[in-house]
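Colleague: Okay, structure incoming, though there's no sequence with it:
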């Protein structure tokens, strides 16, 4: 899982608004892909020049400018120049430790949130920062790597009948965030299955490997919560925006998105509660087991203590120890032992200690 | 009990507003029943055609269109077309994992909540999603199965003197939700009896079977809370609505409904607190019992330790061990033992360890 | 203590506003007493007819119509007819499981709260529902039994100089609620004394009977809190009412009443915190005691273990065991034992285990 | 420490506004001292008559009427008559169980709070109720005893250059409350030193006397919190008052006072958190110690168990027990013992149990 | 770490607004440095006279008057006179126990917060109070010592092209606070690394030295939280100020600063949660280990108890003990022992106690 606070030692002391990449480089080379479309036609451009970008900006078609790999701050800076983005906005894009937020500027809206993914080999949850700049005729997105979370949106975009083709950049931005939210729910669902199967295992036979897993899951759910929870605020900000960049019919879709995020947050919180309950359950079960063992075994030992003591007595070598010479001492000794044991067991039974 | 997050893997990646049924099919065939009434007469229609539905819509009589079984998304889609329902509203109806909510549209109001029931064989609490679309002259309800929770309302509807017959769809919607709330309270009441009898059992003789039950009840109460709590928001939304679909005299009935929901929520929370207290009580009792056992038994063993040691001493085979040959060594040995034991017991008594 | 949720199985399924008594019958026969007064004279009427009630309603004197015993829903219904009370208001009066609330109607105000009492034999706290309908010239009160909580008010009412005689029904309602709040504080005070004396007992010598008492008190304080806490909201509602039924000079008295309720609530919460602290204290004390016992006794046993082992060694019957034949083996054996014991004790002392 | 709820059994049942002293008599005789001053001159009067008070009221000089000892309700009632104070205000003054509050009346402002002190012999924290009535040209204060908390203010008052002499009763009231707040901080500081030195002691060597102290401190901090926390509300009320009794320049001083109260409250809460942490620390340390002891001692015993068993074997008296007669049986026996012990210790080491 | 409440015994009792230094003297001599600049030129003055300060105040260039060492209250008082600062403001500067706050005055703004540093030898976190007075053409800062946290700002100030040189005192104040916030994040980052490496160590092998560290870190994180958290309020106050001392373009920078502070606060809270989880983990691990040890060892002892008892039986010296004389008694005895042990082990295995 990602560390909670990314190393940004280098950045410190720089003037505010200096572009420094904070994070881990996740892709070799920064790629730019532009999808330009209107309801009739669609074109895909790879790695455009800055001049191309100027053209996209001034065109009346919708352009989705998709930047993958943000460690090359030079590219980010140049795009910022072309589209007239505030230096602090560019700083937020480059700092992959940014918390989800929504900000309005004069000519564009700015959103940052996290995409969740799973490392294929280890099923570990990983996160990637995703920033959107929503302009009138353009949408610029920045992400750390080139994940497949938007494949569905891209495929739909190619079909001329799809709703995205007939709307503006605000709806496209919504569609991308909806894809991200769907991914959240998918990840939570898989996580939830692990949590529930852990509960089954716990009830069947709690052991210390479950404890390790519980704490691992707790860390993971904390990470999910920190990632997903603030997205709601962002969506509410976007929904309530009075900017004319957001068309009225898009609003009900954003409301639906808000519902999904709330649903995801609640699911995360439900699993968090479940994990806490499981930890309690684990402790109750192991304590109970230990109590049972200690109780039974202690009673067992205690029954033998006076018996062994008596055997010790008649193992003594006193010259004048009259019982040793009685004819029926040995059988009577056994009778005494059994009597003592029976009395003690009876006492413990009556006290409900057994 | 229902899983917390329903599998919706298939739905993910679809365009927003694609109708996909999320959930478990609870009834074989989707049924539609329409009850059309005014203060004078009442008629029941089974499985009407779409053309019939058009008629019900335009009639000035009140129609209750009751759809049981929502897995057939085609039926839902068609009804949506006839009554001009938004695609996202239909999506909410089909997704049985929807959290309770209230939404206003131009020509109708939309409410989703859960009906609670009990599986007859196992007394397990089960839930079913219930959606209402309140229009001017019609009320459409969608539910997963055909449960009997509305039997009382339906019976009253057949009597011409009943209030429902003289009011509009807003009052009918209220009456249905009131029946659902009554069911909530019934379920909580039965649950509460189990919780209270568990407490009696715990105090009488706490054992580990109670622990398992406690955790089971905690899971169940969490489920009840998640189901009932958000209904309050929904009712408040409905109460404060400025839509002219809700007549003034209905408002005080909705307020009364709100009271019932608040009452149910508080009862759920009271039982939740009681269960937590019972868990603490369980742990206190078992700890106390173990403490008592360990204390008494440890003291018992400790008293025997020096006695056994002394017996061991005089069981040694040293050639020159003078005590062995004394005439009254054996009785004196016993006197010593009893003295030691008495002293130790006295010491423990004085220390209040016994 | 009262059960948290009263059985209302019968009521369920009835049409909303059907008058059904929910609760336990606490008095044999419903009684009605009317005290009619103005600043000059006062009259007491027993069990008036409905026609009498009509007269009281239209008189310009103040009438306190006091109904004791509400299980006779017919009486409640008839009074409702005379004074034009809403059917849902009557339902709230009859349902003794109603939570405290304040509601305004066009021609009267409605308040429900609980009276606390103590069962004389067992000192158990019991509660009784009390409803007030404050009209212009009349005050109707409904209670389950005929408790003595209003004796003071009734006595003052008989004296012509008292403030109540010169004010209207709003002040009389205040005076009754003030008597109820005084009773709350009295009950809490007695309860608090028990809690504080339990603390003394705990510190002196914690034992498991205290544990049982702690949990009993926790249940009782929960009940008190649930009863008293919501009364504040009610009083605030009454205070902020813009109804012309409440005269300006009465407001400062109601503020004072609010202070009393806040004071009572805080006292309840203080005792709740104290009980939780006492539970922690109990657990700390018993754990500490067990730890001390286990530590001392374990060390005691451990010191004897090698000694007993050595005695066992020289109790062996090997033919060739040279030490057995040494002249001073036995005294040297004792010296060794004492040395071992001393070394172990020293080690434990140094480790601060003793 | 003071009991949380003062006995007020007598007061109950009385008409609202009956003057009854609730509390403990802390001073023998009620004293009244009046300090009358303007910027030029100052006079001190002892035990004035009611006629004198009338004069002070009508004078244009500022009068500080200081009443020490409020158990004499007759005095309180008479002052109330002279200065036209509401009966409920007088009731609040006489009830020493009043929680801190601020109230505005037409011609004066009313404040109640607690003065903290320390019983000189026991260093126990004690509290005393202090009420202020701020009028245009006068300030009346009521306190239970005659403590020295206002000595500094009184001394400054005698110097003609001091700010108090040039301002009105609002500033004098501020100065008194500032002195009370300074006392709060002093008390908390002393308490804090005890808490911090307890922490040192705990870390050095936790024992059960610390546990008793911890719970005592927790009770004391609860008392401090209940006393100081509500004062903030009071100060905010005074600060935001729109009464013309408070001059503009006084406001920034009251803001400063608010800062002090917030500071005191935060310090109290910090120590509360520290005490909770210390309780956890105590439990962790004692548990750890017990765990260490039990672990080491149990292992020690366990090593001896098979050794003692073997010694027992060769102490048996079987006629045909061949090993007993071997020439080197005894030394081989010791070798075996040492081997077994070494193997067990090795095993425990490898398991990290030692 | 700093004590939570600084000794201010001396200050108590003084008139409000008396200048008394509260805290520890951290630097030998109070130094004043003035940096006067405009976009063209920059000058640095050391230890100016009061007359110089008057000049700086009236100049149209921006002056940063930097006072290091505030224990000399005389200097603070004189500066207050020159720049017309309220006496309570000066008191806040001199009291190093002041909590972070923002206040607006007519001609200047006032901010107090803490600078964090690390004692080089011990890596202990230390804090220093920093106050800013933002005037039209001047910025006065007061700090306890002369730390290097502003080195970066000072260096940038010397370069004519930097943004600071072209803006007013509001931006300079922002730049200084941004440097402080960067330092916060640096300190938290280093702290976080320690917390995370502690977690690794805990999971590898929990021992009691980790417990001590955990509690030390908890105290340190509490200190960080108390220091950093209230800064957000201060920044929000500064951001929302309607004073014309703050230029519009500065606002977005302050918003960015707010983001940093929120980020820092969340990081602190994340580490606080992590430390609590680690404490739980520590307890779970040590409990688990003790449980394992006790379980295994108890079972081990219990198996030997009947064996040793039997050996004791045949060590008895009864004259008539027939088994002693059987030919194969000894081998049969061993067979019996092994059988008993095997049966017990089997029983424990089946019970899942092993």
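Modeller: Everything's here; your move. These figures come from a predicted structure and were not determined experimentally. Numbering: from 1, shown residues only, chains lettered A, B, ... in the order given.

Colleague: mind listing what's buried in stretch A:233-242?
Modeller: A:234-235, A:238-239, A:241 (16 or more other C-beta atoms under 10 Å in any protein chain shown). Any C-beta I mention is one placed from the backbone N, CA and C, and that applies to glycine too.

Colleague: Name the residue of the stretch 51-200 of chain A that lies nearest to chain C.
Modeller: residue A:199 (28.1 Å; C-beta to the nearest C-beta).

Colleague: ok so, going back, so which of the buried residues of stretch A:233-242 is the closest to chain C?
Modeller: residue A:239 (32.8 Å).

Colleague: so for stretch A:310-321, what's the average pLDDT?
Modeller: Averaging pLDDT along stretch A:310-321 gives 93.

Colleague: Run through who's touching it.
Modeller: A:323-324, A:329, A:333, A:336-337, A:340, B:308, B:311-312, B:314-317, B:321, B:323-330, B:333, C:315, D:315, E:309, E:312-313, E:315-318 (C-beta atoms under 8 Å, 6 or more residues apart in numbering or on different chains).

Colleague: filter the residues you listed to the buried ones?
Modeller: Applying 16+ other C-beta under 10 Å to those flags A:323-324, A:329, A:333, A:337, B:308, B:311-312, B:314-317, B:321, B:323-324, B:329-330, B:333, C:315, D:315, E:309, E:312-313, E:315-318 as buried.

Colleague: Could you look up the SS state of the closest residue to chain D within the stretch 201-350 of chain A?
Modeller: Closest residue of the stretch 201-350 of chain A to chain D, C-beta to the nearest C-beta: residue A:315 (6.9 Å). Each residue gets one of three states, and residue A:315 gets coil by DSSP: H, G, I helix; E, B strand; the rest coil.

Colleague: so, in contact with chain E or not, stretch A:98-114?
Modeller: Yes: using C-beta under 8 Å from any C-beta of the partner chain, stretch A:98-114 comes into contact with chain E via A:99, A:101.

Colleague: List the contacts of that stretch.
Modeller: Counting by C-beta under 8 Å, 6+ apart, A:83-86, A:89, A:92-93, A:127-136, A:173, A:177, A:180, A:227, A:230-231, A:233-235, A:237-238, A:241, A:243, A:245-246, E:259, E:262-263, E:266 sit against stretch A:98-114.

Colleague: among these, which are in helices?
Modeller: Within the contacts of stretch A:98-114, residues falling in helices by DSSP state H are A:83, A:89, A:92-93, A:173, A:177, A:180, A:227, A:230-231, A:233-235, A:237-238, E:259, E:262-263, E:266.

Colleague: just to revisit the earlier point, can I get the buried ones among the contacts of stretch A:98-114 as something I can paste into PyMOL?
Modeller: Buried subset of those, written as a PyMOL selection, criterion 16+ other C-beta under 10 Å:
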select buried, (chain A and resi 83+85+86+89+92+93+127+128+129+130+131+132+133+134+135+173+177+180+227+230+231+234+235+238+241+245+246) or (chain E and resi 259+263)
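
Colleague: these two touch, right, residue A:301 and residue E:302?
Modeller: Yes: look at residue A:301 against residue E:302 with C-beta atoms under 8 Å: they come within range, at 6.2 Å.

Colleague: Let me see the mean pLDDT of the helix or strand harbouring residue A:219.
Modeller: In the assignment (DSSP states H and E), residue A:219 maps to helix A:208-240. Mean per-residue pLDDT for helix A:208-240: 90.

Colleague: and what of stretch A:132-147?
Modeller: Rounded mean pLDDT across stretch A:132-147 is 90.

Colleague: ditto for stretch A:334-344
Modeller: The average of the pLDDT scores along stretch A:334-344 is 95.

Colleague: Just the buried residues of that stretch, please?
Modeller: A:337, A:344.

Colleague: near chain B, anything from it?
Modeller: No: residues of stretch A:334-344 contacting chain B under C-beta under 8 Å from any C-beta: none, with a closest distance of 9.4 Å.

Colleague: Show residues contacting that stretch.
Modeller: Against stretch A:334-344 from outside (C-beta under 8 Å, 6+ apart): A:302-303, A:306-307, A:310.

Colleague: how about the helices in chain A?
Modeller: Going by DSSP H, chain A shows helices at A:50-58, A:73-83, A:87-94, A:151-158, A:169-205, A:208-240, A:248-313, A:329-350.

Colleague: name the helices or strands packed onto the first one?
Modeller: It stands for helix A:50-58. strand A:31-37, strand A:62-68, helix A:73-83 (3 or more C-beta pairs under 8 Å, 6 or more residues apart in numbering or on different chains; DSSP states H and E).

Colleague: Among those, which comes closest to chain D?
Modeller: Closest among these, using C-beta to the nearest C-beta: helix A:73-83, at 42.5 Å.

Colleague: what angle sits between the closest one and helix A:87-94?
Modeller: Taking axes from the mean of the first three to the mean of the last three C-alpha atoms, to 10 degrees, helix A:73-83 and helix A:87-94 form an angle of 140 degrees between their directions.

Colleague: is chain E contacted by helix A:73-83?
Modeller: No: against chain E, helix A:73-83 shows no contacts by C-beta under 8 Å from any C-beta, the least distance being 14.7 Å.

Colleague: And the residue of chain A closest to chain E?
Modeller: Using C-beta to the nearest C-beta, the single residue of chain A nearest to chain E is residue A:311, 3.4 Å away.

Colleague: which one is that residue nearest to, not counting chain neighbours?
Modeller: Using C-beta to C-beta, 6 or more residues apart in numbering or on different chains and skipping the chain neighbours, the partner closest in space to residue A:311 is residue E:312 (3.4 Å).

Colleague: now swap in residue A:116 and tell me
Modeller: Using C-beta to C-beta, 6+ apart, the nearest residue to residue A:116 is residue A:187, at 4.9 Å.

Colleague: okay, the buried residues of stretch A:233-242 in JSON lines with distance to chain B next?
Modeller: Below are those laid out as JSON lines (distance: C-beta to the nearest C-beta, whole Å):
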{"residue": "A:234", "distance to chain B": "18"}
{"residue": "A:235", "distance to chain B": "14"}
{"residue": "A:238", "distance to chain B": "15"}
{"residue": "A:239", "distance to chain B": "14"}
{"residue": "A:241", "distance to chain B": "19"}
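
Colleague: List phi and psi for the residue of the stretch 1-150 of chain A found nearest chain B.
Modeller: When distances are taken as C-beta to the nearest C-beta, the stretch 1-150 of chain A reaches nearest to chain B at residue A:149, 9.7 Å away. Note on residue A:149: its backbone torsions stand at phi -60, psi -20 [degrees, to the nearest 10].

Colleague: and it, how many neighbours does it have?
Modeller: Neighbour count for residue A:149, taken as other C-beta atoms under 10 Å in any protein chain shown: 19.

Colleague: what sits against it?
Modeller: Here residue A:149 is in contact with A:115, A:117, A:179-180, A:183 (criterion: C-beta under 8 Å, 6+ apart).

Colleague: mind running it again at 6 Å?
Modeller: By C-beta atoms under 6 Å, 6 or more residues apart in numbering or on different chains, the contact list for residue A:149 reads A:115, A:179, A:183.

Colleague: Between those, which sits nearest residue E:26?
Modeller: Using C-beta to C-beta, residue A:115 is the member of the contacts of residue A:149 that sits closest to residue E:26, with 47.8 Å.

Colleague: Surely residue A:215 and residue E:283 touch.
Modeller: No: applying C-beta atoms under 6 Å, one finds residue A:215 not in contact with residue E:283, separated by 11.7 Å.

Colleague: which residue does chain A bring closest to chain B?
Modeller: For chain A, C-beta to the nearest C-beta, closest residue to chain B: residue A:312, 3.4 Å.
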